[in-house]
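1. Got a sequence here, can you model it:
(one chain, ligands or ions: 2)
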Amino acid sequence: MAVILGIESSCDETSASICIDGEIKSNIIAGQAIHANYGGVVPELASRAHQQNIIPTVDQAIQQAKINKNDIDAVAFTRGPGLLGSLLVGTSFAKSFALAQNIPLIEVNHMQAHILAHFIEDPKPAFPFLCLTVSGGHTQIVLVKDYFDMELLGQTLDDAAGEAFDKTAKILNLPYPGGPLIDKYAKEGNPLAFALPEPQIADLNFSFSGLKTAILYMVQAQEKENPNFLAENMADVCASVQQRIVTILLNKLKKAAKQTGVKDIAIAGGVSANSGLRSGLVAMGEKYKWNVFIPKFEYCTDNAAMIAIAGYQKFLKSDFVGQDISPLARMHV
Ligand code: KG4
Ligand code: ZN
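-> Ligands and ions are numbered 1, 2, ... in the order given. Below is the predicted model:
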């Protein structure tokens, strides 16, 4: 039997999970409401909150899995990419825990873990598959050849898709994180109400900063005519923005599928919780006869279950690291 403790602390979620023989038994996530007042994650506040949350979160994960801490065979942690101060808390905890319990330590790449979240539950994709990973910090199309053999086919040249949602929300005076709120308003709105440009970017790369500027100029122009523009048109603006971001993402995914001939297509990361992206992918999958893989909501945004499942795969290969390991703000898939 293999019992893995997974630890995630790359951004503003402190999370701990227990995985037993590849099955997730608990996945505790402590969010940090404090950032909502600042329009984005404040790194210094995030690392302090991780320090306060980490021990109770791990305790809860152990309790919910109905095990004893001495049953744990290895501890897996997010090494990066992410905010260095936040990563340091999870890394230091994992190192101390491994040392105290005399068990192996496993480093996990957060971007790989988002993709490997697809191996938590059935149906699981078969290698090779394509994954569109869309989060607050990344937008990538990845060819996944094996658990830890991934090729980056395209990525954003500026803002990430989640950032496009969050920065638009700021323009619309909505609190951070704006993605889920835009999604909520979009459900009531007309996606064709406001025309927004689709950037023409080469290959399988993305760009979202021009879209953000187009939205800003559109809102400013409308507010000149009608100071109540936003209050009166929030649903239509959100629906139009969401529709544009989703079509940018799906059109590139279609291009990647055509280019590689791969028909197993997955999405991952926080933005894969978006209802427009989920339904758009299902519709595109039906049209092009893809096998589509969409994670459960709780495994889309940052969580330790994805770290524990990635850790389990490394545990099977005895892929361990030493106490001299340190976190990395930047890491590639
Ligand atoms: O993967 P994640 O939890 O953290 C990072 O690694 O960045 O992704 C967070 C991002 C945020 O930008 C948030 O606004 C976005 O995911 N997000 C959404 C939705 N839920 C979360 N964006 C659009 N629609 C959603 N429903
Ligand atoms: Zn993430």
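2. Spell out which residues of this protein are next to ligand 2.
-> Near ligand 2, the residues belonging to the chain are 135, 302 when assessed by Cβ under 5 Å from the ion. Heads up, the C-betas are built off the backbone N, CA and C, glycines and all.
3. For the chain, which segments are assigned as strands?
-> Listed from the start of the chain, the chain has strands (DSSP state E) covering 3-8, 14-20, 23-30, 74-80, 105-109, 129-134, 139-146, 149-155, 264-268, 291-293.
4. Sheet partners, orientation included, of the last one?
-> In its sheet, strand 291-293 lies beside strand 264-268 (parallel), with partners assigned from DSSP bridges.
5. For the partner strand, what is the distance to the chain centroid?
-> If you compare the mean C-alpha spot of strand 264-268 with that of the full chain, they lie 13 Å apart, counting by Cα atoms, centre = their mean, to the nearest Å.
6. does that strand come close to ligand 1?
-> No. No part of strand 264-268 sits near ligand 1 under the criterion Cβ under 6 Å from any ligand atom; the closest distance found is 8.3 Å.
7. Next, the angle from that strand to strand 139-146.
-> Computed by axes from the mean of the first three to the mean of the last three Cα atoms, to 10 degrees, the angle separating strand 264-268 from strand 139-146 equals 130 degrees.
8. quick one, strand 264-268 and strand 129-134 angle?
-> On the basis of the same axes, to 10 degrees, strand 264-268 is oriented at 20 degrees to strand 129-134.
9. residues making contact with strand 264-268?
-> When contacts are taken as Cβ atoms under 8 Å, 6 or more residues apart in numbering, the neighbours of strand 264-268 outside the stretch itself are 114-115, 117-118, 125-126, 128-134, 144, 253, 257, 277-278, 281, 285, 290-295, 300.
10. Buried ones among the residues you listed?
-> For the contacts of strand 264-268, a burial check counting by 16 or more other Cβ atoms under 10 Å picks out 114-115, 117-118, 125, 128-134, 144, 253, 257, 277-278, 281, 285, 290, 292-295, 300.
11. Extract the C-alpha set from stretch 7-14 and format it as PDB.
-> Taking Å, rounded to 0.1, in the frame of the first residue of the first chain, the C-alpha atoms of stretch 7-14 are listed here in PDB:
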ATOM      1  CA  ILE A   7       1.000  19.700  -0.400                       C
ATOM      2  CA  GLU A   8       0.100  22.700  -2.600                       C
ATOM      3  CA  SER A   9       1.000  26.300  -1.800                       C
ATOM      4  CA  SER A  10       2.000  27.900  -5.100                       C
ATOM      5  CA  CYS A  11      -0.400  30.900  -5.100                       C
ATOM      6  CA  ASP A  12      -3.300  31.700  -2.700                       C
ATOM      7  CA  GLU A  13      -4.600  28.300  -1.800                       C
ATOM      8  CA  THR A  14      -3.200  26.200   0.900                       C
END
